[in-house]
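S.K.: coords please:
(chains A and B)
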Amino acid sequence: MNLTLRIWRQKDPSVKGKMVTYKVSDISPDMSFLEMLDVLNEQLIMDGDDPVAFDHDCREGICGMCGVMINGQAHGPQQTTTCQLHMRSFKDGDTIDVEPWRASPFPVIKDLAVDRRAFDRIIQAGGYISAPTGTAPEAHSMLVAKKDSDAAFDAATCIGCGACVAACPNASSMLFTAAKVTHLGLLPQGQPERNDRVINMVAQQDAEGFGGCTNIGECAASCPKGISMETISRLNHDLLGALRAGARPKS
Amino acid sequence: MTVTDSAQRRTPKAAKTNSVFKKFVMAISGILMLLFLIAHMIGNLHVFQGAASFNSYSEWLRTVGEPALPPRTLLTVIEIVLSVSVLAHMWAAISLWRQAKRARPEGYVTKKSVVQTYASRTMRWGGVIIALFIVYHILDLTFGAVNPAGTDSTPYSRLVASFQNPIATTVYVVALVLLGMHLRHGIWSATQTLGQSNRRRQKSVNAFAIAFATLLIAGYLVVPAAVVFGLVD
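M.R.: Residues are numbered from 1 along each chain as shown, chains lettered A, B, ... in the order given. I've put the predicted structure just below:
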């Protein structure tokens, strides 16, 4: 396959970036999108150019490190991670636009790599339980209804890639925060901190500068793990409960 | 480390100023306005019973509860509730709009939407247009200030005079269709915001929102249609 790539190049956060056009040839349809970028980078290095910076780690679709905007869609045309997107999703001769996630809490570090530590700070604000858990306990000692454990597990599959923020017209991190709130809120171990968790995590996502949720649904449609809008409804429900209970945010 | 202080029952400031709380304000005020819209639509249908019935319904709204209650009790209550709702709805919308603008100052070169409905895209500017329409609508049909029939006319004659003007009718139809789209996304969004949606209900809530918005707006639009086609004059 021969492709034309228009890639966002930005040397560092302080300078303005722009789209730069590159041509790559002899791309196998079986390559992943990241392997295609590797081919481009080898070509750039050979030519003495600066290779394109992009984040990646496991390349198995489970770490949540990779993620770029491909032709205006988070992780591209398939509902999967960028590393699991294969070039067979494109046609020979296609022009592909590649951009970083765009949100002020996700500043561009270089080219396609963005700083997503805002997500870590949301987790630090309440995405945990403080009970000492030790090793895995005997499963029968604390019963969890099947539908709750299934829903909690579905929410727990969130890998924190940031596609929800990237796809959201408001650049809201609601689906991410909601997945964490749902995951812990449905399990018995998550109950003691349930009220504080939702208030602190929402306060943190606002403080980071993410937008508000308007229930448009672009997040769920581009989530590589298929986290549903149901989690957002659960977060809202938890926040209403917390308001009634008079929970207190972190001072 | 965070704790829930059971002695403290007051809701903290951070909990009342966050983006989700603003959405609650938006949802509740929206529901109040929606209830009014239902009553207003049903009231409008009195026009098909003729001028006397329509005008006496209008009079009844001003005298209901008398003599136990002072005149205009019902209307005053509705006016206060609606004014507070409109202001609250606008406050929440504007601050969330600004928050969203700040969250993505630099847009994408290429952006494709996947599931976004047209209705959800028209919420903000649509809301602004609806607010401007409401101002015009009150000046036109409540006070008659900008109505061809003038301020000394009956409600019925103001209605007929307004809808016999093609420009006023077009403005009305466009604003009401925008309102319908606003409700289509608003009903779904409020259900979600109040935590009443889930994966199974998602489809039916959206279907209900479409059906409800269509029926309500159809109920409003039969009145100008009747005037335009000469059924009411």
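S.K.: Please enumerate the helices of chain B.
M.R.: Applying DSSP state H to chain B gives helices spanning B:13-16, B:19-44, B:51-63, B:73-103, B:118-121, B:123-137, B:155-163, B:166-193, B:201-228.
S.K.: Run through the residues that contact the nearest residue to residue B:232 once chain neighbours are set aside.
M.R.: Counting by Cβ to Cβ, 6 or more residues apart in numbering or on different chains, residue B:226 is the residue found nearest to residue B:232 once chain neighbours are left out, at 4.3 Å. C-beta here means a position set from N, CA and C on the backbone, and glycine is covered the same way. Contacts for residue B:226 (Cβ atoms under 8 Å, 6 or more residues apart in numbering or on different chains) come out as B:47, B:48, B:232.
S.K.: Could you identify the buried members of the residues you listed?
M.R.: Buried by 16 or more other Cβ atoms under 10 Å in any protein chain shown: B:47, B:232, out of the contacts of residue B:226.
S.K.: re earlier: tell me how far the residue nearest to residue B:232 lies from residue B:175.
M.R.: 18 Å (Cβ to Cβ, to the nearest Å).
S.K.: Then residue A:47?
M.R.: Separation of residue A:47 from residue B:175 (Cβ to Cβ) stands at 59 Å.
S.K.: Those two: which is more packed in?
M.R.: Using other Cβ atoms under 10 Å in any protein chain shown, the more surrounded residue of residue A:47 and residue B:175 is residue B:175, with 19 against 7.
S.K.: show me what contacts the more buried one?
M.R.: Residues near residue B:175 by Cβ under 8 Å, 6+ apart: B:129, B:130, B:133, B:137.
S.K.: Any idea how many residues pack against the residue in chain B that chain A sits nearest to?
M.R.: Going by Cβ to the nearest Cβ, chain A is nearest to residue B:195 of chain B, at 2.6 Å. Per other Cβ under 10 Å, the neighbour tally for residue B:195 reads 18.
S.K.: Let me know the secondary structure of the nearest residue to it once chain neighbours are set aside.
M.R.: By the measure of Cβ to Cβ, 6+ apart, the closest residue to residue B:195 outside its immediate chain neighbours is residue A:237, 2.6 Å from it. Under the three-state scheme (DSSP: H, G, I helix; E, B strand; the rest coil), residue A:237 adopts helix.
S.K.: Need the helices of chain B in CSV (columns: mean pLDDT).
M.R.: Listed next are the helices of chain B as CSV, based on pLDDT from 0 to 100:
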stretch, mean pLDDT
helix B:13-16, 62
helix B:19-44, 97
helix B:51-63, 95
helix B:73-103, 96
helix B:118-121, 94
helix B:123-137, 97
helix B:155-163, 95
helix B:166-193, 97
helix B:201-228, 96
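S.K.: Throw those into TSV and include distance to residue A:206, thanks.
M.R.: Formatted as TSV, the helices of chain B follow (distance: least, Cβ to Cβ, whole Å):
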stretch	distance to residue A:206
helix B:13-16	9
helix B:19-44	5
helix B:51-63	42
helix B:73-103	7
helix B:118-121	21
helix B:123-137	19
helix B:155-163	44
helix B:166-193	16
helix B:201-228	26
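S.K.: quick one: which of those helices is nearest residue A:208?
M.R.: The closest of the helices of chain B to residue A:208 is helix B:73-103. By Cβ to Cβ, the value is 9.1 Å.
S.K.: mind listing what residue B:102 touches?
M.R.: So residue B:102 contacts A:104, A:209, A:211 (Cβ under 8 Å, 6+ apart).
S.K.: returning to what we had before: give me every residue that touches the residue nearest to residue B:195.
M.R.: Contacts of residue A:237 (Cβ under 8 Å, 6+ apart): B:194, B:195, B:196.
S.K.: confidence score at it?
M.R.: Looking at residue A:237, its pLDDT reads 96.
S.K.: repeat for residue A:73
M.R.: The model's pLDDT for residue A:73 equals 97.
S.K.: Neighbours of it, how many?
M.R.: Counted with other Cβ under 10 Å, residues neighbouring residue A:73 total 22.
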